[in-house]
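K.L.:
Requesting a structural model of the entry that follows:
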Amino acid sequence: MRRFLSLLITLTILVTSLPISQQVFAQAWRPVKGGIFFGISGMALVQQQSNRLDLLIVHDNKEKDRGRIAIIKIQDKNQPQYFPLQWPRNIDLPIDLEAITSVPERNNVSFMALSSFGKVYHLKITNDNKNVEIIKVFDLQKVPQGSNFEGFALQEIDSKLLAVWAHRGDGKESAIIYWGVLDLAGYQIAQIGFTNLIVPWPTDNVRHISDLKIDPAGILFISSASDPGNDGPFDSAVYVAGAFGVSGNAIAFRQNPQLVPLYRYNYHKVEAIELLPGAEGGVIVGTDDENMGASIYISGSND
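P.N.:
So this is what the prediction gives:
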């Protein structure tokens with residue numbers, strides 16, 4: 001456990017010491033789609049090449065005639081291309097999808113999306129990139145009354161499939177981070193623990209967690225956002241919330257006691273984050289800017 005804590009401290013120092021300020025302001029947001037029905041509420045990497053990026057995104061729509069899921073493709077420095085995917089007709093449309101994550105499987109490429117109410121959709125994309133196939137629909141167990149989930153991520157940690165999800169919190173009400181081990185064969189998540197979290201910024205109309213992702217070292221990245229209404233103005237930030245590690249037979253979470261905003265985004269409501277590895281990578285964020293539509297932004301890249 002002592003080695004795990006030392007690793008957390010070292011990684012946190014490295015991440016928070018990155019020379020990001022000038023680079024962030026020099027980059028530009030890339031519009032994806034205009035209008036309130038195209039906000040990005042979750043995002044997962046599909047494919048990454050030297051000059052191309054494919055991302056799977058979800059929308060938090062509730063109406064029957066509105067889209068739920070799409071692929072956006074980015075080629076070089078061009079604007080993203082948006083390709084909606086067809087939801088299968090024999091599966092009820094999800095209501096309020098708020099997060100999506102890839103499933104760490106060696107032989108298959110699949111994803112899991114989470115609704116704000118705790119319903120999980122295990123899915124894959126058809127070979128023609130036009131449709132979604134549903135593998136399994138299941139519910140998070142023992143969902144507390146009043147929960148509003150806005151983050152869900154999976155990562156393999158020491159041969160254990162770690163699942164992390166979060167109630168967003170609101171204002172003085174803290175966010176709640178939950179974690180457990182997912183049995184992919186039985187679609188059961190054995191919850192291990194939970195913790196409360198409040199971010200220092202944004203300060204007004206804040207959702208303390210609007211999305212989250214875990215890197216292979218167990219570091220937990222979160223986004224936070226202010227949401228005063230459909231016309232904003234919005235503000236957002238990305239933090240390292242802590243790190244997961246194996247302690248005995250259990251997965252422990254070491255929470256960061258002093259949250260440092262790694263990135264600040266004025267006038268945008270970040271509701272989706274993804275981690276892009278490699279020399280051309282960085283932290284990519286997607287927005288649900290309500291009436292102003294959706295945009296993406298890659299922080300820390302050479303864009």
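K.L.:
Check the spacing between the residue lying closest to residue 103 once chain neighbours are set aside and residue 176 real quick.
P.N.:
Nearest residue to residue 103 in three dimensions, chain neighbours excluded: residue 110, at 4.7 Å (CB to CB, 6 or more residues apart in numbering). C-beta: built from backbone N, CA, C; applies to glycine. Remark: distance between residue 110 and residue 176 (CB to CB, to the nearest Å) = 27 Å.
K.L.:
higher neighbour count, these two?
P.N.:
Neighbour count, other CB atoms under 10 Å: between residue 110 and residue 176, residue 176 has more, with 19 against 16.
K.L.:
Verify the stated contact: that one with residue 195.
P.N.:
Yes: the criterion here is CB atoms under 8 Å, and residue 176 meets it with residue 195 at 7.3 Å.
K.L.:
Can you list the low-confidence ranges for the stretch 1-150 of the chain?
P.N.:
Scanning the stretch 1-150 of the chain for pLDDT under 70 picks out the ranges 1-27.
K.L.:
any idea where the strands of it begin and end?
P.N.:
All strands of the stretch 1-150 of the chain, identified by DSSP state E, counting those that start in this stretch, fall at 30-33, 42-48, 52-58, 69-75, 81-84, 97-102, 111-115, 119-125, 132-139, 149-157.
K.L.:
what sits against the closest residue in space to residue 268 that isn't next to it in sequence?
P.N.:
Distances taken as CB to CB, 6+ apart put residue 287 closest to residue 268, at 4.6 Å, once the chain neighbours are dropped. By CB atoms under 8 Å, 6 or more residues apart in numbering, the contact list for residue 287 reads 39-40, 234, 236, 265, 268-272, 294-297.
K.L.:
Apply 7 Å and report the result again.
P.N.:
Residues counted as contacts of residue 287 (CB atoms under 7 Å, 6 or more residues apart in numbering) are 40, 268, 269, 270, 271, 294, 295.
K.L.:
what's the closest of those residues to residue 186?
P.N.:
Of all the contacts of residue 287, residue 271 has the smallest distance to residue 186: 30.4 Å, by CB to CB.
K.L.:
Give the other helices and strands that whatever helix or strand that closest one lives in contacts.
P.N.:
In this assignment (DSSP states H and E), residue 271 forms part of strand 270-276. When contacts are defined as 3 or more CB pairs under 7 Å, 6 or more residues apart in numbering; DSSP states H and E, strand 270-276 packs onto strand 42-48, strand 206-214, strand 219-226, strand 282-287.
K.L.:
just how off-centre is that strand within its chain?
P.N.:
Mean-position distance between strand 270-276 and its chain equals 5 Å (CA atoms, centre = their mean, to the nearest Å).
K.L.:
for stretch 73-92, same thing?
P.N.:
17 Å.
K.L.:
ditto for stretch 77-97
P.N.:
Taking CA atoms, centre = their mean, the mean C-alpha location of stretch 77-97 is offset from the chain mean by 16 Å.
K.L.:
what's around residue 198, how many residues?
P.N.:
Residues contacting residue 198 under the criterion other CB under 10 Å number 15.
K.L.:
Just the pLDDT at it, thanks.
P.N.:
Per-residue pLDDT puts residue 198 at 98.
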